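Enquirer: Show me the folded form of this:
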Amino acid sequence: MNKKVISIILLFCIFFSLSELKAQEVLNSVYVQNHVPSKKPIPYQYVREADVMWSKTVWRKLQLKEKMNHPLYYPEQIIGERMSLMSLLLWGIKNQGLTAYDEDASSGNEFSVVLSQEQIQDRLGAGKEYTTVTDVETGEVTERVMEKNSHPEEIKELLLKEMWFFDKDFFGSASVKKVMPVLAPELSYKELNVSDGLLARRMWTQTVLEGKNRERRPMIMDDLSRYCTLDTFAMVRILEELQKLV
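Expert: Now for the predicted structure:
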């Protein structure tokens, strides 16, 4: 009797466990997979033209067949939700409202002539191919139309346009103290007793190496610690803001 009760209880437990598993989304990996189509592009930060002291346009060639760029080139054909960079761009043009442009030969402006879906597909080899077939028995000639698919995998090189510029608030320097007010304006050295590197180095040399300022040593070491802490945190914040632009 006890064995039957235990067996029934186990069956109920297994049944309800399976029901819960079916009702839930089972995690079939050690991490949640975020597919490319679900990701949103990061917008550029606003930059006033008056704040740009100097700028330069740089064109880079991205060789997709190079080993380091293989994650951008493969897979050549879409596998489920996995796609190459070119397939992703085509998907974005078709489904997310991205706009494709053609360079205006007369003005050299690469963002003036809009390309239609048909023009894009035609440039990638898609379209219709007409062939004639002769019937061997009757001699009748008929025309056949074959649909050709696009081949984004044939694009093996991309041109990337970059614009380098100096913000006026950098004051021509790339040091933490010049970059921080632009990228992390919530941080400031103004309330610190030690607020620059030269003073920090001099105070540390005098207090630690030369043995001076013994009476004020605890206060000086605390000031140096606060300065170094802010310096380190500022670099972390700057890195976070720069990563948003990548």
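
Enquirer: So what's the residue count around residue 137?
Expert: 5 (other Cβ atoms under 10 Å). Yep, even glycine has a C-beta here, placed from its N, CA and C like the rest.

Enquirer: and it, that's in a strand?
Expert: No - under DSSP: H, G, I helix; E, B strand; the rest coil, residue 137 falls outside any strand and is assigned coil.

Enquirer: How much space separates it from residue 144?
Expert: Using Cβ to Cβ, to the nearest Å, residue 137 is found at 17 Å from residue 144.

Enquirer: repeat for residue 85
Expert: As for residue 85, its distance to residue 144 is 35 Å (criterion: Cβ to Cβ).

Enquirer: do the same with residue 51
Expert: Remark: distance between residue 51 and residue 144 (Cβ to Cβ) = 61 Å.

Enquirer: Between these two, which has more neighbouring residues?
Expert: Counted by other Cβ under 10 Å, residue 51 and residue 144 do not tie: residue 51 has more neighbours, with 14 against 9.

Enquirer: give me the low-pLDDT residue ranges for this protein?
Expert: 1-44, 105, 107, 170-174, 246 (pLDDT under 70).

Enquirer: Check it for its longest helix and report it.
Expert: Longest helix of the chain, by residue count under DSSP state H: helix 217-244.

Enquirer: Now that one: buried residues?
Expert: Under the neighbour-count criterion of 16 or more other Cβ atoms under 10 Å, helix 217-244 has 220, 223-224, 226-227, 230-231, 234, 237-238 buried.

Enquirer: May I have stretch 148-157 as PDB, with CA atoms only?
Expert: The C-alpha trace of stretch 148-157 is given here as PDB (Å, rounded to 0.1, in the frame of the first residue of the first chain):
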ATOM      1  CA  LYS A 148      17.600  35.100 -59.300                       C
ATOM      2  CA  ASN A 149      18.300  35.700 -55.600                       C
ATOM      3  CA  SER A 150      20.500  38.400 -54.300                       C
ATOM      4  CA  HIS A 151      24.000  37.500 -53.100                       C
ATOM      5  CA  PRO A 152      25.100  39.700 -50.200                       C
ATOM      6  CA  GLU A 153      27.900  37.200 -49.500                       C
ATOM      7  CA  GLU A 154      29.700  38.400 -52.600                       C
ATOM      8  CA  ILE A 155      30.400  41.800 -50.900                       C
ATOM      9  CA  LYS A 156      33.800  41.200 -49.300                       C
ATOM     10  CA  GLU A 157      34.900  44.800 -48.700                       C
END
